[in-house]
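J.: Task: produce atomic coordinates for the following.
(2 chains)
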There are 2 protein chains.
Amino acid sequence: MSEDQVVRPPALRPGDTVLLVSPSGPTRPERVARGVELLTSWGLRPVLAPNAYARRGYLAGDDALRAADLNAAFADPTVRGVLCTRGGYGAQRVVDLIDMAAVRRDPKVVAGFSDITALQLALWRGARLATVHGPGAAWLDERTPAASAESLRAALMCPEPVVVPRVPEEETASVVVPGTATGRLLGGNLCLLVSSIGTPDMPDLTGAILLIEDVAEPPYKVDRMLTHLRRTGLLAGLAGVAVGQFTDCADDWAVSVADVLAERLGDLGVPVLGGLPIGHGAGQITVPLGVPATLDTAAGTLTVSPAVR
Amino acid sequence: MSEDQVVRPPALRPGDTVLLVSPSGPTRPERVARGVELLTSWGLRPVLAPNAYARRGYLAGDDALRAADLNAAFADPTVRGVLCTRGGYGAQRVVDLIDMAAVRRDPKVVAGFSDITALQLALWRGARLATVHGPGAAWLDERTPAASAESLRAALMCPEPVVVPRVPEEETASVVVPGTATGRLLGGNLCLLVSSIGTPDMPDLTGAILLIEDVAEPPYKVDRMLTHLRRTGLLAGLAGVAVGQFTDCADDWAVSVADVLAERLGDLGVPVLGGLPIGHGAGQITVPLGVPATLDTAAGTLTVSPAVR
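T.: Sure, this is the predicted structure:
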């Protein structure tokens, strides 16, 4: 498998079975009801994994159960998509138990975000699988804007590029270093990306556009994570940075999260585009990961190749 | 400089100048008043670094100012000790600006904890300097128990071993894997240790006793940090784990921080001793870092060689 290769799973088609799996935190039937309804309305067949509602403290059941659900999904040829119900915490504890040979044998669409970044980084490392950064089944509810749901549908079912326009009202909209950059889109949740440093799952970011988003981290902790990344040298060969939502990151001693992002990303010497509606905020847009993307700060867009073929 | 060598600075003596420096978060004169009083009562001469009260958001002034204070202290032969006022955040941003040649030329006692772990890891990497894990000048106040203040005094001024007994009332007291272990004591604040992974400052933990403590981290985040460390392979050669205080780490979905520590440390195959009064709790005991130590779970003690000669 060449370093440059990316494995795009087949796009989901009406009639396809999508397994709802919980590799991280616990959820409840009522939380996934709207997600099931939406998937069904798109002609898909959502099926709950055996342990999707398991609970053990902050985990959706023991590591063995969560890994078994993932591996059963990857091994079953009738399952065409794996939609994680939610993030929270726990994917990192099971990624080393995944049967990557099964993933490579029969690549499937894997969607989710937040803690699921850990799973998506592992699938990139183990199978060069393009994945889908978007809301889990338990994230979708009556408040989900139509455009947000539609962007998930399109990313799962249509092999077409995704264009994400910068939103001036977003908290990070002021974080801009002008320019145009092209590279593979990698990353997701900043905290989980940083939690992969020093493990095999930390991706090679040379020539990449790094996507980052986070939730409920005070600005000084965002500073700490970016400073950590900088000190590893892993950002040295970046092509650009796509800054998503930093939701509920309250000011810290009068320093905003946008201040921190502008300072710690502003001197990397690459284009940076903030204000992208990707992450834990309202109306998040779904984007493919692992595939080529273009960041254009003049146009105010991130354009990403499809994750599916 | 051999990997095995440790550089012990001379013990502080009455009349010695101790510079109070703020490499991390901002502080105020009234916060260090009690610390100055205590140091003075021990016969030391506490002197405020030029930028000790500087402020820039959550930092004690710009990186250049904080680094300048540290480098001035390390370069000045009349300064015999460097006592950090407090932690917070920011040491990680300046450690690469430290003049390590100056530190090696004239080794001094460097004391602090929490965010200062980042500084102590850097001094270990750059100068193999034994340092002192204990309260900063702004941590000491009227509520500081006499035994806690005395343990700081002894660690700074007496070249004698420190014996820390397990305290059954501590939150982590139930975290025990029986046995005896001997090795170099390394670590400090868990979050800052994890924030050094993949940087030159992550110490080689082979044969070491790892000290960890933290504050205000929910159990799932402690899990994430320990899982991160485990996945790097850096814990593979550990001799033992000394578990300090995990203060204000409220339960998470009915999982306590002691539960998490017991689970994530319990299968490492090395002795683990929890309940050590080292960290952000009341009555913290000061311990040397970088020097040989013995963990004895039957005796319920961590015994550490002096940091000073």
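J.: Flag every residue of the stretch 51-200 of chain A that's near chain B.
T.: Taking C-beta under 8 Å from any C-beta of the partner chain as the criterion, the stretch 51-200 of chain A approaches chain B at residues A:57, A:58, A:88, A:89, A:92, A:93, A:96, A:195, A:196, A:197, A:198, A:199. For glycine as for every other residue, the C-beta is placed from the backbone atoms N, C-alpha and C.
J.: of these, buried ones?
T.: Among these, those classed as buried by neighbour count (16 or more other C-beta atoms under 10 Å in any protein chain shown) are A:57, A:58, A:88, A:89, A:92, A:93, A:195, A:196, A:197, A:198, A:199.
J.: thought the last one was touching residue B:229?
T.: Translated: residue A:199. No: the criterion here is C-beta atoms under 8 Å, and residue A:199 misses it with residue B:229 at 9.9 Å.
J.: Same list (the buried ones among the residues of the stretch 51-200 of chain A next to chain B) but as a markdown table, adding pLDDT.
T.: Below are these laid out as a markdown table (pLDDT from 0 to 100):
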| residue | pLDDT |
| --- | --- |
| A:57 | 97 |
| A:58 | 97 |
| A:88 | 97 |
| A:89 | 98 |
| A:92 | 98 |
| A:93 | 98 |
| A:195 | 98 |
| A:196 | 98 |
| A:197 | 98 |
| A:198 | 98 |
| A:199 | 98 |
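J.: a markdown table for those, including secondary structure?
T.: Below are these laid out as a markdown table (DSSP: H, G, I helix; E, B strand; the rest coil):
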| residue | secondary structure |
| --- | --- |
| A:57 | coil |
| A:58 | coil |
| A:88 | coil |
| A:89 | coil |
| A:92 | helix |
| A:93 | helix |
| A:195 | coil |
| A:196 | coil |
| A:197 | coil |
| A:198 | coil |
| A:199 | coil |
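J.: All the strands of chain A, residue numbers only.
T.: Along chain A, the stretches classed as strands by DSSP state E are A:17-21, A:45-48, A:79-84, A:109-112, A:131-133, A:162-165, A:176-177, A:180-189, A:208-215, A:240-247, A:272-273, A:287-289, A:292-296, A:301-304.
J.: Most tightly packed of those?
T.: Among the strands of chain A, the stretch with the highest mean neighbour count (mean count of other C-beta atoms under 10 Å in any protein chain shown) is strand A:131-133, at a mean of 29.
J.: and the gap between residue A:268 and residue B:35?
T.: Applying C-beta to C-beta, to the nearest Å, the value for residue A:268 to residue B:35 is 39 Å.
J.: The two: which has the busier surroundings?
T.: More crowded of residue A:268 and residue B:35, by other C-beta atoms under 10 Å in any protein chain shown: residue B:35, with 26 against 17.
J.: ok, now which ones touch the closest residue to the more buried one other than its chain neighbours?
T.: Distance criterion C-beta to C-beta, 6 or more residues apart in numbering or on different chains; nearest residue to residue B:35, sequence neighbours excluded, is residue B:137 at 3.2 Å. Taking C-beta atoms under 8 Å, 6 or more residues apart in numbering or on different chains as the contact definition, residue B:137 lies against B:20, B:32, B:35, B:36, B:39, B:46, B:83, B:84, B:85, B:86.
J.: looking at it, the second one is touching residue B:20, isn't it?
T.: So that's residue B:32. Yes: the criterion here is C-beta under 8 Å, and residue B:32 meets it with residue B:20 at 6.3 Å.
J.: Please enumerate the shared neighbours of those two.
T.: Counting by C-beta under 8 Å, 6+ apart, the residues touching both residue B:32 and residue B:20 are B:48, B:52, B:85, B:137.
J.: I'd like to know how far the closest residue to the second one other than its chain neighbours sits from chain A.
T.: Right, the one you point to is residue B:52. Nearest in space to residue B:52, with sequence neighbours left out and distances taken as C-beta to C-beta, 6+ apart, is residue B:22 at 4.9 Å. From residue B:22 over to chain A the distance is 14 Å, taken as C-beta to the nearest C-beta, to the nearest Å.
J.: okay, now residue B:22: neighbour count?
T.: When neighbours are defined as other C-beta under 10 Å, residue B:22 has 33 of them.
J.: can you put the shared contacts of residue B:32 and residue B:20 in a markdown table and add pLDDT?
T.: Formatted as a markdown table, these follow (pLDDT from 0 to 100):
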| residue | pLDDT |
| --- | --- |
| B:48 | 98 |
| B:52 | 98 |
| B:85 | 97 |
| B:137 | 90 |
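J.: now those as TSV including distance to residue A:104?
T.: Listed next are these as TSV, based on distance: C-beta to C-beta, whole Å:
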residue	distance to residue A:104
B:48	61
B:52	57
B:85	54
B:137	57
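J.: all helices for chain A, in order.
T.: A:29-41, A:63-75, A:100-105, A:116-127, A:146-157, A:190-194, A:219-232, A:257-266 (DSSP state H).
J.: Now the first one: buried residues?
T.: Put plainly, it is helix A:29-41. For helix A:29-41, the neighbour count (16+ other C-beta under 10 Å) marks A:31, A:32, A:34, A:35, A:36, A:38, A:39 as buried.
J.: just those now: which is nearest residue B:184?
T.: Distance to residue B:184 across the buried residues of helix A:29-41 (C-beta to C-beta) is lowest for residue A:31, with 48.1 Å.
J.: so which residue of the stretch 1-150 of chain A comes closest to chain B?
T.: residue A:57 (3.7 Å; C-beta to the nearest C-beta).
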